[in-house]
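Asks: whatever this is, show me its structure:
(one chain, ligands or ions: 2)
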Amino acid sequence: MSDTPIPAAIDETPEKRDFIRQIVRDDLSSGKHHAVKTRFPPEPNGYLHIGHAKSICLNFGIAGEFGGVCNLRFDDTNPAKEDPEYVAAIQDDVRWLGFEWHSLRHASDYFEVYYLAAEKLIRDGKAFVCDLSAEQVREYRGTLTEPGRNSPYRDRSVEENLDLFRRMRAGEFPDGARTLRAKIDMASGNINLRDPALYRIKHVEHQNTGNAWPIYPMYDFAHALGDAVEGITHSLCTLEFEDHRPLYDWCVDNVDLTGHAELLQPVLEKGLPREAAKPRQIEFSRLNINFTVMSKRKLMALVNDGLVDGWDDPRMPTLQGLRRRGYTPSAMRLFVDRVGISKQNSQIDFSVLEGALREDLDSAAPRRMAVVEPLKLVLSNLPEGHEETLTFSNHPKDETFGKRDIPFSRELWIEREDFEEVPPKGFKRLIPGGEVRLRGAGIVRCDEVIKNDAGQIIELRGWLDPESRPGMAGAERKIKGTIHWVSAQHAVPAEIRLYDRLFTVADPDDESEGKSYRDYLNPESRKTVQGYVEPAAAIAAPEQSFQFERTGYFVADRRDHQGDRPVFNRSVTLRDTWAAKG
Ligand code: ATP
Ligand code: MG
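Replies: Ligands and ions are numbered 1, 2, ... in the order given. Predicted structure coming up:
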């Protein structure tokens, strides 16, 4: 269901007290910062997934809660894997979650700044051009227990380094022939500080800068300086970057953009404002969810190998997939809030995600009636052609949803599983000779079971107790079960897609015993059936969510749903059906 963006500032949820917000609070009250500025920095090499939602809600959420701003920055320093299709989808996803960025940036906006910064490091004797091959660099790097060795090119003169680096930029050398490396410490206990590469040669066209650059900055250098250029105060990232923080700080401190305004000249020439800060990197734990894979590489393989129907397949953990499945922005934000922010790595149970959606839709989704697996029930004591209109509330707990008309007639569709010829113990629905309440319409008794030659039940005949009709004296007569129905003559045939979890095991990333996530795909994760929906469901706009009474929460498919050809996706069942399976 569509949702209008709500700024986090007027969010009515209680104040959040995680350790990052505490740091921000302290920095504001101590006067270290007067305003907070954050950024969400996706690499446009795939679609965003639910893990990214955690980072988005954190970065944009903090900016909103503390009166600051958040930039959306495409970290496009790796041109080979990036694509404008992803750039567009990512913007769509951030807005869908209910957030608006202060400024849309690309790391490539700063390529000229990075270049000037690299020349400055060279002039300061803090970077050098190295001719070692990738393989040699690995040999020289050492291991966790042994120090590395200095590159034989480490002591080149500033002049030689400047000349070589300029020629790298001019495109004189082939890919991989040279790198620019920071001169830090080959004996450092932190391998990231052993003269890490700052630039590599790559003759690859870039989605934003075309063929202007044959060299591209490395992630750590570009990311730290990108944050500094934008005046980011708190640079929030996931725990795997903890070991990179010393390098992040090294880049920020040694380039020192706040003290060297001349390095920002290219930014001003692009018409961007002059802002620079010394950002602080803070790490938090990634979101992991069981029954799911979250690596972009695996998600990409699922799509490319046709194991799912694209990035927005409703079984995918991508934001586009979840959206198509019927997840709402408010359910996503609720989920992220529940998970919280910490430094503890953990795996969140899939049911927490489903629970957030149920909770959101329980209050937000109007009710409708739909029959997923139909069985005909003829009320033989009503005259042929009998038709009437009943009025139903759209929501049992919220009158503001209003009411709607539902047609009722002599022939109904009921759910096949609501009838049992030989009922198991405790069965409370329709049985031969038994009675059940037809939701909002009266009490029916089953008089006859009609079968085809193969012995399959094809129709039921029943008697509708006239005294039990709405408004009659017997309307409140106690009866064990209530079932839903749609009028056969008025109902609209609908394609109903019953989705379930994509994987059958809690940890599809488990590669023991030579298995891979592909071995754990759930063959039952999508079942398409032809059902019937009441007219008021058929006319729904795409992306409208409903609770189909007694059946689950469903959404009109964003791509395929049409009023005369309704298509509904099951977003989540009414209850957790996996808990019992253990
Ligand atoms: P890859 O490394 O495969 O490209 P990535 O998931 O790191 O993928 P990015 O585009 O670099 O993708 O991520 C953008 C931001 O989202 C980063 O700040 C990253 O830390 C954060 N992020 C990514 N995955 C998660 C996750 N599972 N939980 C929380 N934050 C995440
Ligand atoms: Mg990444």
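Asks: how about the helices in the chain?
Replies: In the chain, the helices defined using DSSP state H lie at 19-29, 50-65, 84-96, 111-123, 134-141, 158-169, 219-230, 245-255, 265-269, 296-304, 319-325, 329-339, 350-364, 535-538.
Asks: up against ligand 1, what does the stretch 201-350 of the chain have?
Replies: Contacts of the stretch 201-350 of the chain with ligand 1, taken as Cβ under 6 Å from any ligand atom, map to 237, 238, 286, 287, 294, 295, 296. Backbone N, C-alpha and C define where each C-beta goes, glycine included.
Asks: go again with 8 Å.
Replies: For the stretch 201-350 of the chain, the contact set with ligand 1 under Cβ under 8 Å from any ligand atom comprises 236-238, 240-241, 284-288, 294-297.
Asks: can you list the helices of the chain in CSV and add distance to residue 148 and mean neighbour count?
Replies: CSV is the format used below for the helices of the chain (distance: least, Cβ to Cβ, whole Å; neighbours: other Cβ atoms under 10 Å):
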stretch, distance to residue 148, mean neighbour count
helix 19-29, 34, 15
helix 50-65, 33, 23
helix 84-96, 36, 18
helix 111-123, 20, 21
helix 134-141, 5, 13
helix 158-169, 20, 17
helix 219-230, 17, 26
helix 245-255, 15, 20
helix 265-269, 34, 14
helix 296-304, 29, 16
helix 319-325, 41, 25
helix 329-339, 39, 22
helix 350-364, 43, 19
helix 535-538, 66, 21
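Asks: how about those in CSV, adding mean pLDDT?
Replies: As requested, the helices of the chain are exported to CSV (pLDDT from 0 to 100):
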stretch, mean pLDDT
helix 19-29, 97
helix 50-65, 98
helix 84-96, 96
helix 111-123, 98
helix 134-141, 97
helix 158-169, 98
helix 219-230, 97
helix 245-255, 98
helix 265-269, 94
helix 296-304, 95
helix 319-325, 98
helix 329-339, 97
helix 350-364, 97
helix 535-538, 97
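Asks: run through the residues that contact the residue nearest to residue 387 when sequence neighbours are not counted.
Replies: Nearest residue to residue 387, sequence neighbours excluded (Cβ to Cβ, 6 or more residues apart in numbering): residue 409, at 4.9 Å. Going by Cβ atoms under 8 Å, 6 or more residues apart in numbering, residue 409 touches 382, 386, 387, 388, 487, 488, 489, 490.
Asks: pLDDT at residue 409, what is it?
Replies: We have a pLDDT of 98 for residue 409.
Asks: now do it against residue 549, distance only.
Replies: Counting by Cβ to Cβ, to the nearest Å, the separation of residue 409 from residue 549 is 19 Å.
Asks: residue 523: how many residues sit nearby?
Replies: 7 (other Cβ atoms under 10 Å).
Asks: state the pLDDT value of it.
Replies: For residue 523, pLDDT reads 95.
Asks: could I get the phi/psi values of it?
Replies: For residue 523, the backbone dihedrals (degrees, to the nearest 10) come out as phi -60, psi -20.
Asks: low-confidence stretches in the stretch 451-582 of the chain?
Replies: Scanning the stretch 451-582 of the chain for pLDDT under 70 picks out 578-582.
Asks: closest residue of it to ligand 1?
Replies: The nearest approach of the stretch 451-582 of the chain to ligand 1 comes at residue 509, 12.3 Å away (Cβ to the nearest ligand atom).
Asks: returning to what we had before: what about burial for the residues of the stretch 201-350 of the chain next to ligand 1, which qualify?
Replies: For those, a burial check counting by 16 or more other Cβ atoms under 10 Å picks out 236, 237, 241, 284, 285, 287, 294, 296.
Asks: mind pulling up the phi and psi values for the closest residue to the fourth one other than its chain neighbours?
Replies: What that stands for is residue 284. The shortest distance from residue 284 to any non-neighbouring residue, by Cβ to Cβ, 6+ apart, is to residue 341 (5.1 Å). Dihedral angles of residue 341 (phi, psi; degrees, to the nearest 10) stand at phi -120, psi 130.
Asks: if I look at residue 438, how far off is residue 378?
Replies: Distance of residue 438 to residue 378, given as Cβ to Cβ: 13 Å.
Asks: of these two, which one has the most company?
Replies: residue 438 (21 against 17).
Asks: on that earlier part again, using PyMOL, define a selection of the buried residues within the contacts of residue 409.
Replies: Per 16+ other Cβ under 10 Å, the buried members of those correspond to this PyMOL selection:
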select buried, resi 382+487+488+490
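Asks: among the contacts of residue 409, which ones are in strands?
Replies: If you go by DSSP state E, these have 387, 388, 487 in strands.
Asks: just give the nearest non-adjacent residue to the residue in the chain that ligand 1 sits nearest to, would you?
Replies: As assessed by Cβ to the nearest ligand atom, ligand 1 sits closest to residue 51 within the chain, at 2.2 Å. Counting by Cβ to Cβ, 6+ apart, residue 51 lies nearest to residue 287, which is 4.5 Å off, once chain neighbours are set aside.
Asks: same question, residue 250
Replies: Looking at residue 250 with Cβ to Cβ, 6+ apart, the closest residue is residue 184, at 6.4 Å.
Asks: thought that neighbour was touching residue 191?
Replies: No: contact status for residue 184 versus residue 191: not in contact, 11.0 Å apart, counting by Cβ atoms under 8 Å.
Asks: out of those two, which sits in the more crowded spot?
Replies: Using other Cβ under 10 Å, the more surrounded residue of residue 184 and residue 191 is residue 184, with 19 against 14.
Asks: and that one, how close does it get to residue 540?
Replies: Taken as Cβ to Cβ, the span from residue 184 to residue 540 is 60 Å.
Asks: repeat for residue 449
Replies: Distance, residue 449 to residue 540, by Cβ to Cβ: 34 Å.
Asks: residues contacting the residue of the stretch 451-582 of the chain closest to ligand 1?
Replies: Neighbouring residues of residue 509 by Cβ under 8 Å, 6+ apart: 293, 295, 517.
Asks: run the last query once more with 7 Å
Replies: By Cβ atoms under 7 Å, 6 or more residues apart in numbering, the residues touching residue 509 are 293, 517.
Asks: before we move on, what about residue 412?
Replies: Contacts of residue 412 by Cβ under 7 Å, 6+ apart are 377, 485, 486, 487, 488.
Asks: tell me what it is bridged to.
Replies: Applying DSSP bridges to residue 412 gives these bridge partners: residue 377, residue 487.
Asks: against residue 532, how distant is it?
Replies: Residue 412 is 10 Å from residue 532, where distance means Cβ to Cβ.
Asks: so where's the longest strand in this protein?
Replies: Of all segments of type strand in the chain, defined using DSSP E, the longest is strand 442-451.
Asks: just checking, the residue of the chain closest to ligand 1 touches residue 284?
Replies: No: assessed by Cβ atoms under 7 Å, residue 51 is found out of contact with residue 284, at 11.5 Å.
Asks: just the closest of the ones in strands among the contacts of residue 409 to residue 420, please.
Replies: Nearest to residue 420 among the ones in strands among the contacts of residue 409 is residue 487, at 23.2 Å by Cβ to Cβ.
Asks: contact partners for that closest one?
Replies: Contacts for residue 487 (Cβ under 7 Å, 6+ apart) come out as 407, 408, 409, 412.
Asks: give me the subset of those residues that also touch ligand 1.
Replies: Filtering those for proximity to ligand 1 by Cβ under 8 Å from any ligand atom leaves nothing.
Asks: number of residues surrounding residue 232?
Replies: By other Cβ under 10 Å, the residues close to residue 232 number 28.
Asks: for the residue lying closest to it once chain neighbours are set aside, give me the pLDDT.
Replies: Distance criterion Cβ to Cβ, 6+ apart; nearest residue to residue 232, sequence neighbours excluded, is residue 279 at 4.4 Å. Looking at residue 279, its pLDDT reads 97.
Asks: show me the contacts for residue 279.
Replies: Each residue near residue 279 by Cβ under 7 Å, 6+ apart is listed here: 227, 228, 232, 233, 235, 252.
Asks: got the residues of the stretch 1-150 of the chain near ligand 1?
Replies: Counting by Cβ under 8 Å from any ligand atom, the positions of the stretch 1-150 of the chain adjacent to ligand 1 are 40-46, 48-52, 54-56, 58, 75.
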